[in-house]
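**Student:** below are the sequence and a predicted model; questions follow.
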Amino acid sequence: MNNRYILLYTLIMSLITAVVLAFVVNVLHPRHIANEEVYNKKDILSAIKDQLGQDPSKLKDKEILALFDTKVEQITLDATGKTVEDVKAEDIDVAAEDKKPLADRKYPLFVYKGEKGNIYLMTVRGNGLWDKIWGYIALADDFNTIVGTSFGHAAETPGLGAEIKDNPNFSRQFQGKTIFEGPKYVSVGVVKGGVKRKAHEVDGISGATITSRGVHDMLYKGIAPYLPYFESLKTK
């Protein structure tokens, strides 16, 4: 077997492999996009599973899409809190926005039209111990009281920082907390060593000081851009 034959064989097999892979990617791409859409919507709705009366993670894809289409309004805000009409909230790549200057960022807001009033779901993103963390913060229509949260992470340590997602008791602490102390915005603090301001603080995760601090900072910085829009709704 000469070298020319080996080279020709290798080139032909490489070409066949490339064609097959390209075909598979093109065929599966729409399904991947659809699955990602459902996953993201489940993640958003998980912050209000108590209000829904069911766990979104256990609903079928069609049920999630129908619930989102009929009960959720999507709003996109700019850095000043004004609405952006030509961008759908679910299409915003929050990771990409996070890399932009603050003045150029867009913020997705999802409004769940519940029987007891609207619930405003804000998207927040920050830094954990090893990588990015994120969350959805559900605010009642008094624009002050948190009614639910859900958190996620890219690479936090199982049993420690990963508890922000894996331990439902962590998220449950935020229910009923308020982000204003009188007229002053204070967010919700994640503290170690015991909660002192019960209306505005929750316990951090034992052994995960940096992740807890990351959630603390993420909430304070991440909620703030939504406040001008909420303020504008109060005056209507």
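**Tutor:** Cool, got the structure.

**Student:** so where's this protein shaky on pLDDT?
**Tutor:** 1-3, 23-25, 27-35, 236 (pLDDT under 70).

**Student:** if we go to 90?
**Tutor:** 1-40, 50-59, 61, 86, 114-116, 192-195, 206-207, 234-236 (pLDDT under 90).

**Student:** can you give me the helices in it?
**Tutor:** Using DSSP state H, the helices found in the chain span residues 3-45, 49-52, 61-71, 94-97, 163-166, 168-172, 209-223, 227-234.

**Student:** distance to residue 191 added to these, as TSV?
**Tutor:** Quick note: C-beta positions are derived from backbone N, CA and C, even for glycine. What follows is the helices of the chain, written out as TSV (distance: least, Cβ to Cβ, whole Å):
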stretch	distance to residue 191
helix 3-45	26
helix 49-52	24
helix 61-71	34
helix 94-97	26
helix 163-166	15
helix 168-172	13
helix 209-223	8
helix 227-234	22
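
**Student:** and those: which comes nearest residue 116?
**Tutor:** For the helices of the chain, proximity to residue 116 was assessed by Cβ to Cβ; helix 49-52 is nearest, at 7.9 Å.

**Student:** could you dump the helices of the chain to JSON lines with mean neighbour count and distance to residue 111?
**Tutor:** JSON lines is the format used below for the helices of the chain (neighbours: other Cβ atoms under 10 Å; distance: least, Cβ to Cβ, whole Å):
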{"stretch": "helix 3-45", "mean neighbour count": "12", "distance to residue 111": "11"}
{"stretch": "helix 49-52", "mean neighbour count": "17", "distance to residue 111": "13"}
{"stretch": "helix 61-71", "mean neighbour count": "14", "distance to residue 111": "9"}
{"stretch": "helix 94-97", "mean neighbour count": "14", "distance to residue 111": "17"}
{"stretch": "helix 163-166", "mean neighbour count": "21", "distance to residue 111": "24"}
{"stretch": "helix 168-172", "mean neighbour count": "15", "distance to residue 111": "20"}
{"stretch": "helix 209-223", "mean neighbour count": "21", "distance to residue 111": "15"}
{"stretch": "helix 227-234", "mean neighbour count": "14", "distance to residue 111": "10"}
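
**Student:** wait, which of those is closest to residue 77?
**Tutor:** helix 227-234 (5.4 Å).

**Student:** so what's the nearest residue to residue 135 once chain neighbours are set aside up against?
**Tutor:** For residue 135, ignoring the flanking residues on the chain, the nearest one in space by Cβ to Cβ, 6 or more residues apart in numbering is residue 151 at 4.2 Å. Contact partners of residue 151, counting by Cβ atoms under 8 Å, 6 or more residues apart in numbering, are 133, 134, 135, 164, 165, 170, 171, 215.
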